[in-house]
Every structure is written in C-alpha cells, then in structure tokens.
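Undergrad: Any chance you can model this:
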Amino acid sequence: MKLASRLQNLLLKTTLLFGVMVCAVGLAQACFANVSVSACPFCASVGLTFTDQMSAKDVVVSAKLLEIPEPDEDDDELPRAKFEIVKVFRGKELVKEGMKFRALLVGRYPIGQKFFVMGVNPPDINWSTPMKATDRVLEYLGKLDSLPEKGADRLAFFQDYFEDEESLLAFDAYDEFAKAPYEDLIELKDRMDRKRIISLIQNDKTSPNRRRLYFTMLGVCGSAEDAGMLEELLLSGSRKKMRGLEALIACYLNLKGESGMDLIQKEFFEKKDCEFTYTMLAMQALRFHAEETDIIPKDRIIAAARTVLDNEEARDLVIPDLARWEDWTVMDKLVSIFKTSGEDDNWIRVPIASYLMACPLPEAKTHLAELKELDAASIARAKFLSGMDFDEDESDEEDGQESADEEESDIDVGFSSPVPDESLTPLEDTTEFVSLVQDPVVERHVVKKVEQPTVDSIENSDSANPIEQTFVSNKSASNQNSRSMAQVASSTSAPVAAAPVVAIAPNLTWQIIFIPMGVSVVLFVLLWSVLSGWFERLIF
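TA: All right, here's what the predicted structure looks like:
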C-alpha cells in the first residue's frame with residue numbers, strides 16, 4: 001500500500017508538471033510566433049544554445065555524485081542523490097565550490113561521476129535533473145561566460161567545434177552560427193579556415209543544415225578557384241551532392257559573380273525538365289543576392305527571374321518578386337497569361353491581379369477592370385489578400401457619401417458599417433469569394449508597405465531537407481490557389497497592398513491553457529483509478 005501511495009503521489013506531480021509544461025510551450029508559441037530574428041540566411045537553429053539555457057538560470061554548476069540513497073518505503077518523497085559542487089559557472093554569490101546539495105537523479109551512475117546542473121529560485125534552490133558531462137564539455141561550458149555577447153570574436157570560438165566528437169558541442173556551435181547575423185560572418189572572413197570548410201562540404205556525413213552553413217561561410221571566405229568545385233556539384237544531377245541547394249547557388253554566385261548567372265538561369269530557370277523544388281530554391285538564392293548583397297546587378301537578377309514566367313509550373317514563384325522589385329515591364333505578358341489560363345491553371349490569376357494592384361502605372365487599372373469582367377472571383381481574392389475591399393474610385397465615392405450622411409445626421413460614426421454596399425454586388429454574389437469570409441468585415445484595412453524577411457524560409461524543421469522531400473504536383477485550383485496566395489501575401493517594399501493583419505482570437509489563449517491541462521487531468525484520473533483498484537471494482 002505504501003508503494004501504491006508513493007506511485008500515486010509521483011503520478012500526480014508528473015501529470016501536473018506535464019500540464020504546466022505543455023501550457024508554457026503553447027503560450028510561448030502564441031506569444032512569439034510572429035517574432036523574427038535576423039540570422040544566417042540559410043541556417044535553421046536546432047534549439048536553445050547552452051548560453052541561452054544558462055542565462056535563464058540563477059545557478060549553473062558542475063558537480064560530482066557523492067551518494068545514491070536507497071528508496072525508503074516509509075517516505076512519500078522520491079530519494080534524491082547527493083552532489084558536491086566542483087565549479088560554479090553562474091551564481092557565485094549564491095553557491096560556493098564544495099557545497100553539497102540534493103537533486104533527483106535519473107539513471108544509475110558510479111560515485112564520482114561529473115554532471116552539469118542548473119538551479120532557480122534561490123535561496124531554496126530548485127535544482128534541475130543533472131546532465132552527465134565529460135571534462136571536455138565542462139571545460140567548454142566554463143569558457144562561455146568570457147565570450148563577447150555577439151560579433152565575430154564570439155563566432156571565432158565556436159567554429160573550432162564544428163563536427164566535434166562531442167555531439168553536444170557540435171550542435172551548440174552550429175546553433176550559435178545559425179542565429180548569428182550574416183554581417184558577423186563577413187567580419188569573421190579573415191579567421192575562417194577555408195580548407196577545413198571545403199572538407200566539411202565534401203564529407204558525405206555532413207548533415208544538410210550544417211552543409212548550408214558551410215556553403216554560406218565559403219561564400220564569404222572562398223576564392224575564385226573554389227567556383228569550379230561548386231559548379232561540378234551544381235551540374236552533378238545528384239540529390240546527395242546538391243543538398244542545401246539554395247546555399248550552394250548563393251555561394252557559387254558569391255564567388256563567380258555576374259558571370260555565374262548564365263549557368264543558374266540555364267539549369268534552373270530555362271531547363272524544361274528542371275524540378276519545381278530546384279527552381280524554388282534557386283529563386284531563394286536570387287532573393288538573397290538581390291536584397292542582401294551587391295555582387296550581382298539587380299537588373300541581371302530581375303532578367304533571370306523573368307525567364308521563370310515561361311515555366312508553367314513555377315511562374316507563380318516570381319510574380320511577387322517582380323512586383324517587389326518594381327519590374328513593370330512584364331505587365332502585358334502577365335495579362336496575357338491571365339486571359340489564356342484555364343481551369344487547370346487559373347490559380348495563377350490571383351498573383352497576377354495582386355501584381356497589377358501593386359503597379360502604379362495607369363495601364364494597370366485599365367487591365368484590372370478588363371480582367372474583372374473575365375474573372376471577378378480572382379480579383380476579389382487578390383483584393384481580400386491585400387486588404388482591399390474596394391477600387392479607389394469606389395472608395396472615394398463611398399467616402400464622399402458617408403461624409404454627406406454624417407453632416408446630415410450629425411452622428412459621429414467611429415467604425416465602418418458592416419452593411420454591404422450595392423456597388424459590390426458582383427463580388428458578394430461570387431461563391432468563391434464568399435467562402436473566404438464567413439463573417440462580415442467590420443474594420444477596413446489600409447494599404448501599406450510591408451518589409452519582407454531577408455530570405456523566405458522553405459523548411460519547417462531542422463531535419464527537413466527540401467531537396468529530399470517529395471513534392472506532389474497538384475494542379476487543382478484549390479491547392480495552387482493556396483500556394484499562390486501565400487506568396488502574394490508576402491509582397492513587400494514595393495507599394496504592394498499588405499494582407500490584413502489577423503489578430504489572435506481571444507479564445508485561442510484559453511484553448512492553449514485548458515486543453516492540455518484537461519488532457520493531463522483525464523490521464524491522471526485514469527492512471528490513479530487503475531493503481532487504486534477503483535477501475536477494477538467498477539469493471540468487475
């Protein structure tokens with residue numbers, strides 16, 4: 001019975017802790033989902049660095065195991081192992097070397113084993129579960145506090161741990177570089193080991209994400225002779241050799257300059273059998289050079305992007321870019337594409353309409369009015385995504401009418417009326433447009449400029465490799481519309497109408513808190529009933 005009681009107490013604490021952790025993670029995701037960080041353009045951070053973890057704790061120490069007590073059936077608490085502090089990394093005013101403490105230890109270890117331990121809430125410090133650490137790891141941790149907070153001097157320390165035999169150190173070094181600004185890499189140029197970086201790129205065991213980092217670094221410190229090796233990788237046709245393609249192309253163009261554009265354009269834009277994924281990643285590399293460097297003239301990049309319009313599968317990739325780069329020379333071509341598109345490729349109409357709405361030339365309004373007669377639903381979707389509900393002339397007329405009404409009634413109207421305007425009947429009668437908005441729009445959205453991130457992210461996780469993923473080509477209108485809409489919504493520094501900012505629903509926070517907690521409580525009740533025998537009595 002004592003053992004059952006102890007198990008029940010442990011179960012209760014574990015379940016409650018699980019619920020709190022899930023809630024905390026959910027709230028963190030809700031609060032920081034839209035926070036962006038200026039980081040290495042092609043790198044994806046795996047997780048928190050040791051520096052991040054240590055900065056969030058009050059006490060960080062290395063300690064050795066002194067005693068592992070035997071479990072006591074009369075004690076409801078789990079036995080805690082005894083440790084002695086060997087070195088204090090953080091919180092020297094709170095603890096001293098030689099001090100002893102107890103912490104919950106998971107696993108069996110020999111007496112004298114060293115651990116990395118963190119604690120919070122002094123003076124009664126709540127210690128984390130100790131993490132086994134070698135002398136090399138502890139030596140590494142001891143140097144972190146002496147490093148500059150940012151800059152090339154900080155990165156110079158971590159580059160020595162690339163692909164380290166201690167996987168913890170290799171991951172931490174990569175994460176430090178992944179979150180560092182690209183400007184810091186440029187400052188580190190003279191201290192980079194070019195030959196070692198090339199050997200890491202050529203190593204088949206190097207992971208795709210780390211390979212992207214090494215390509216980015218080689219693009220900074222490499223020489224013209226390295227361009228030949230990169231060209232061989234680009235022309236190999238091997239998925240394995242082309243892992244991290246976007247960083248590979250950016251590196252190649254860094255070293256080759258404008259003369260390298262011919263190869264990229266021919267292989268990834270003009271080649272008829274080029275995979276959609278490769279074209280997409282090549283465009284990501286061009287965006288990087290168009291917006292972050294001045295190595296290649298902007299006009300040459302735009303000229304290469306225009307050729308993608310001849311690729312029926314990938315033309316929607318470049319339309320938002322051409323609008324952002326204010327290239328209005330393709331207007332007539334896009335209007336022709338809009339008119340000739342059919343049911344199988346009518347998804348291209350939405351980004352074309354958004355392009356025309358961003359164009360300041362008077363011909364754009366004329367084309368929009370003409371295309372609206374052909375497909376009002378696509379024009380409506382483009383307006384919805386850009387936050388526009390009216391044409392400019394319609395807006396002016398309505399604003400004038402509202403002002404006249406206010407003068408007559410002397411009523412101060414503080415919000416837009418949700419009542420539909422008769423002038424918008426053709427749009428509201430369109431089934432596709434109505435399906436996008438279930439509730440009446442009360443607040444009008446204004447047109448504004450939006451800054452685009454340095455390089456559009458293509459990956460969803462560190463382990464994902466876009467080159468090795470399977471892309472299923474689905475030409476149905478709904479799927480293609482989704483892809484096109486997502487790209488159009490990211491249009492930026494050109495006068496492109498921004499997508500309406502969607503506020504997080506008030507109920508979302510409560511869902512994040514109570515759903516995980518509810519699941520935790522249900523799991524606890526079920527497990528407790530089994531341990532106590534209540535479930536058995538109920539069933540039998």
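Undergrad: where does the stretch 51-200 of the chain dip in pLDDT?
TA: Applying pLDDT under 70 to the stretch 51-200 of the chain picks out residues 71-77.
Undergrad: again with the chain
TA: 1-40, 45-46, 71-77, 388-514, 528-540.
Undergrad: per the record, what domains does it have?
TA: 1-35+507-540, 38-142, 318-408+421-502 (automatic domain parsing).
Undergrad: A173: neighbour count?
TA: Residues lying near A173 (other CB atoms under 10 Å) number 23. Placement of C-beta: from N, CA and C, glycine included.
Undergrad: Tell me where this protein has strands.
TA: Secondary structure of the chain (DSSP state E): strands located at 59-67, 81-90, 100-103, 114-120, 126-127, 131-132.
Undergrad: okay if I get those strands as JSON lines plus distance to K195?
TA: Output for the strands of the chain, formatted as JSON lines (distance: least, CB to CB, whole Å):
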{"stretch": "strand 59-67", "distance to K195": "35"}
{"stretch": "strand 81-90", "distance to K195": "34"}
{"stretch": "strand 100-103", "distance to K195": "45"}
{"stretch": "strand 114-120", "distance to K195": "34"}
{"stretch": "strand 126-127", "distance to K195": "45"}
{"stretch": "strand 131-132", "distance to K195": "35"}
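Undergrad: Kindly present these as a markdown table, with separate columns for mean neighbour count and distance to S199.
TA: A markdown table is the format used below for the strands of the chain (neighbours: other CB atoms under 10 Å; distance: least, CB to CB, whole Å):
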| stretch | mean neighbour count | distance to S199 |
| --- | --- | --- |
| strand 59-67 | 21 | 33 |
| strand 81-90 | 18 | 33 |
| strand 100-103 | 16 | 42 |
| strand 114-120 | 20 | 31 |
| strand 126-127 | 15 | 42 |
| strand 131-132 | 12 | 31 |
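Undergrad: Compare these and give me the one nearest S341.
TA: Distance to S341, taken as CB to CB, is lowest for strand 131-132 among the strands of the chain, at 57.7 Å.
Undergrad: Next, the buried residues of stretch 332-347.
TA: Neighbour counts over stretch 332-347 (16 or more other CB atoms under 10 Å) mark 334-335, 337-338, 341, 345-347 as buried.
Undergrad: That stretch: end-to-end distance?
TA: The straight-line separation of the ends of stretch 332-347 (CA to CA, to the nearest Å) is 18 Å.
Undergrad: Likewise for stretch 341-351?
TA: 13 Å.
Undergrad: just the buried residues of stretch 332-347 now: which is nearest G244?
TA: Within those, the smallest distance to G244 is 29.1 Å, found for W347 (CB to CB).
Undergrad: thinking again about what came up before, how about the buried residues of stretch 332-347, which pair is most distant?
TA: The span of those, defined through CB to CB, is set by V335 and W347 at 16.4 Å.
Undergrad: ok so, going back, quick check, nearest of the buried residues of stretch 332-347 to K132?
TA: The closest of the buried residues of stretch 332-347 to K132 turns out to be W347 (CB to CB; 53.5 Å).
Undergrad: That closest one reaches R315, doesn't it?
TA: No. In this structure, W347 is not within contact of R315 by CB atoms under 8 Å, at 10.6 Å.
Undergrad: for A227, what are its contacts?
TA: By CB atoms under 8 Å, 6 or more residues apart in numbering, A227 lies in contact with 252, 255-256, 260.
Undergrad: Then K64?
TA: K64 sits next to 83-84, 86, 112-115 when contact means CB under 8 Å, 6+ apart.
Undergrad: Pipe these into a markdown table and attach distance to R300 per row.
TA: Putting the contacts of K64 into a markdown table (distance: CB to CB, whole Å) gives the following:
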| residue | distance to R300 |
| --- | --- |
| F83 | 63 |
| E84 | 65 |
| V86 | 59 |
| G112 | 64 |
| Q113 | 60 |
| K114 | 57 |
| F115 | 57 |
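Undergrad: of the residues you listed, closest to I197?
TA: For the contacts of K64, the minimum distance to I197 (CB to CB) is 33.1 Å, reached by K114.
Undergrad: what's the nearest residue to that closest one if we skip its chain neighbours?
TA: K64 (5.3 Å; CB to CB, 6 or more residues apart in numbering).
Undergrad: same check, this time on K372
TA: I379 (4.7 Å).
Undergrad: how about the one you found, what does it touch?
TA: Contacts of I379 by CB under 8 Å, 6+ apart are 353, 368, 371-372.
Undergrad: Quick check: the farthest pair among these?
TA: A353 and K372, at 8.7 Å, using CB to CB across those.
Undergrad: More neighbours: those two, which one.
TA: Set A353 next to K372 and count neighbours by other CB under 10 Å: A353 wins out with 27 against 18.
Undergrad: Run a quick check on the more buried one versus L371, I expect a contact.
TA: Yes. If you go by CB under 8 Å, A353 and L371 touch, sitting 6.8 Å apart.
Undergrad: first vs last residue of stretch 309-329, how far apart are they?
TA: Taking CA to CA as the measure, stretch 309-329 stretches 12 Å from start to finish.
Undergrad: quick one: buried residues of it?
TA: For stretch 309-329, a neighbour-count test (16+ other CB under 10 Å) marks 309, 311, 313-325, 327-328 as buried.
Undergrad: Including distance to T293, could the contacts of I379 go into CSV?
TA: Converted to CSV, the contacts of I379 look like this (distance: CB to CB, whole Å):
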residue, distance to T293
A353, 32
L368, 35
L371, 36
K372, 40
